[in-house]
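1. please find the sequence and the predicted model below.
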Amino acid sequence: MKRVAILISGGGSNMVSLVDDMTGDHPCRPVLVLSNVPEAGGLAKAAARGIETQVIDHTQFPKDRVAFEAALHATLLAASPDIVCLAGFMRILSPEFMAKWDGKMLNIHPSLLPKYRGLHTHQRAIDAGDAEHGCTVHEVTAELDGGPVLGQATVAISAGDTAETLAAKVLPFEHQLYPAVLRRYAQGDRTIVRLGT
């Protein structure tokens, strides 16, 4: 059974979809939900599901990413996860940190990578006149949103879509895609999962 730690910064909807899928014959179990934001709504959701939670408040490490990442790494080591899932974790991690978890860290990103790395992906897809948009689960490497793609879900962009309506279209697919990829990944299967239109 693979041990999974999940890193969040907000409400944790993707964390909930991962955790709620890790039952029965699933090859993983959640052992930790960690946030860099003390008031992150996902912490209460994780605690309600009986999962250990931890907070490493990045504001307590002003201009000292090395110390923040050292605390993050130590907390993760204590939970001894086999896989670390980034699920709306809004801190850019250094290449040095990611090297310690190389081959063990996944992320979900709201675009069809390699398009639109970084932020404001929904608006950027609309501004570009794209016909479709979606989300990607990928392995985390030192390159921002640049690791090998493990799954993608695609939605159509409608004429009247705004960044908000497009985000609302993509989110249910995020909640399907991430658990499906994690299940395969934990079994050593890196075949790309494809969902959507």
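-> Nice, thanks for sending it over. Numbers count the residues shown, from 1 in each chain.

2. quick one: contacts of the helix-or-strand element of the chain with minimal mean pLDDT?
-> Sorted by mean pLDDT, DSSP states H and E, the helices and strands of the chain end with helix 95-100, the least confident at a mean of 93. Among residues not part of helix 95-100, those counted as contacts by CB atoms under 8 Å, 6 or more residues apart in numbering are 69, 72-73, 105, 140-142. Backbone N, C-alpha and C define where each C-beta goes, glycine included.

3. 7 Å instead, please
-> Contacting residues not belonging to helix 95-100 are listed as 69, 73, 105, 140-142 [CB atoms under 7 Å, 6 or more residues apart in numbering].

4. would you mind identifying the next helix or strand past that helix?
-> Going down the chain from helix 95-100, the next helix or strand is strand 105-109, by DSSP states H and E.

5. and that next one, which strands flank it?
-> Strand partners for strand 105-109, identified by DSSP bridges, are recorded as strand 83-86 (parallel), strand 132-139 (antiparallel).

6. where is the longest helix in this protein?
-> Of all the elements of type helix in the chain, the one with the most residues (DSSP state H) is helix 163-186.

7. what's the offset of it from the middle of its chain?
-> Average the C-alpha atoms of helix 163-186, do the same for its chain, and the two points are 10 Å apart (CA atoms, centre = their mean, to the nearest Å).

8. so what's the closest residue to residue 82 other than its chain neighbours up against?
-> Of all residues not flanking residue 82 in the chain, residue 2 sits nearest, at 4.2 Å (CB to CB, 6 or more residues apart in numbering). For residue 2, the contacting residues are 27-28, 82-83, 186, taking CB under 7 Å, 6+ apart as the criterion.

9. let's see it at 10 Å
-> 22, 26-29, 31, 81-83, 104, 182, 185-187 (CB atoms under 10 Å, 6 or more residues apart in numbering).

10. where does this protein dip in pLDDT?
-> Counting by pLDDT under 70, the chain contains low-confidence residues at 197.

11. most distant residue from the centre of it?
-> Taking CA atoms, centre = their mean as the measure, the residue most remote from the mean C-alpha position of the chain is residue 159, 28.7 Å away.

12. could you measure from residue 67 over to residue 56?
-> In this structure, residue 67 lies at 10 Å from residue 56, with CB to CB, to the nearest Å as the measure.

13. rewinding a little: of the contacts of residue 2, which is the most crowded?
-> In terms of neighbour count, residue 182 stands highest of the contacts of residue 2 at 28 neighbours, by other CB atoms under 10 Å.

14. show me how the chain divides into domains.
-> Per the record, the chain has its domains at 1-101, 108-197, by automatic domain parsing.

15. residues in contact with the spatially most central residue of the chain?
-> Computing the C-alpha centroid of the chain and ranking residues by CA atoms, centre = their mean puts residue 87 first, at 2.8 Å. Contacts for residue 87 were tallied using CB under 10 Å, 6+ apart; they are 6-10, 12-19, 33, 42, 106-108, 174, 178.

16. make it 8 Å
-> 6-8, 12, 14-15, 18, 42, 108, 178.
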